[in-house]
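> Here is the input, now give the coordinates:
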Amino acid sequence: MSLATIRQTRLFLVVAGLLLGAGPAGWAADWTLAPDASSLSFGSVKADTVGESHRFKSFDATVGDDGAFSLTIDLASVETGIDIRNQRMREFLFEVGEFSKAQLTGTLDLAAYRDLAVGAMAEADLTGTLSLHGMASDIQAAVTVVRLDQNRVGVFPRQIVFINTEAFGLTDGVDKLRQLAGLPSITGAVPVSFNLVFTREG
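Residues are numbered from 1 along each chain as shown. The predicted structure is shown next:
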């Protein structure tokens, strides 16, 4: 075999390896959260009829090329629009001194949507386990995946996701908030909304 042939063979193997590693449209790369374009919020209903919206200012998420999904929430970053209520949620509901983070781990196979055209969307299921306040519970969310551009995708809820405070040992905290605010009731079924935008290296 001539030296030129050997060099051509080596070049072919290198190029083939890069193409196989990258996958179609490069979707084999890990995806990281774009925090400025993402949001995570939850609602509460007090006195049976008064609904309010709250959010977390600090959270992070990744999706691996194998579909492994991870979302970590800094519970101390809760923002309700009222300072004293923020403080009470941190202290009495989430008890951030002992349970500073919530984490959702599961599966979201973005690689399955590598052929989506820019602007196109597809239905998907996000399944996983939510760890919150020292307890864990399975979570399922029907989501829509939107290809925003070559290196960005959006993941948005297709249906309302509810978290039950009782499943995470938060009932006493909810009752404490109710007492401090002088309310007749605060619902234990909490609607959650999210807009997650992921980016990857091109």
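> Strands of the protein, start to end?
Applying DSSP state E to the chain gives strands spanning 31-33, 39-46, 50-56, 59-63, 68-74, 78-79, 101-107, 121-132, 135-149, 152-157, 161-164, 189-199.
> which residues are contacting the third one?
The reference is to strand 50-56. With CB atoms under 8 Å, 6 or more residues apart in numbering as the test, strand 50-56 has contacts from 39-46, 73-75, 77-81, 89. For the C-beta atoms, the positions are set from N, CA and C on the backbone; glycine is no exception.
> in its sheet, what does that strand sit against?
If you go by DSSP bridges, strand 50-56 pairs up with strand 39-46 (antiparallel), strand 78-79 (antiparallel).
> Report the angle between the longest one and strand 189-199.
The reference is to strand 39-46. Interaxial angle of strand 39-46 relative to strand 189-199 (axes from the mean of the first three to the mean of the last three CA atoms, to 10 degrees): 170 degrees.
> contact partners of strand 39-46?
By CB under 8 Å, 6+ apart, the surrounding residues in contact with strand 39-46 are 51-56, 59, 73, 163, 178, 181, 183, 185-187, 190-196.
> Go again with 7 Å.
Residues outside strand 39-46 that contact it (CB atoms under 7 Å, 6 or more residues apart in numbering): 51-56, 59, 73, 183, 185-187, 190-195.
> Mark which of those residues are buried, thanks.
Neighbour counting over the contacts of strand 39-46 (16 or more other CB atoms under 10 Å) leaves His54, Arg55, Phe56, Phe59, Ile73, Ile186, Val190, Pro191, Val192, Phe194 as the buried ones.
> Could you give the bridge partners of the second one?
In this structure, Arg55 bridges to Ser41, Glu79 when assessed by DSSP bridges.
> Backbone torsions only: list them for the residue lying closest to Thr165 once chain neighbours are set aside.
For Thr165, ignoring the flanking residues on the chain, the nearest one in space by CB to CB, 6 or more residues apart in numbering is Gly188 at 4.4 Å. Note on Gly188: backbone dihedrals following degrees, to the nearest 10 are phi -100, psi 0.
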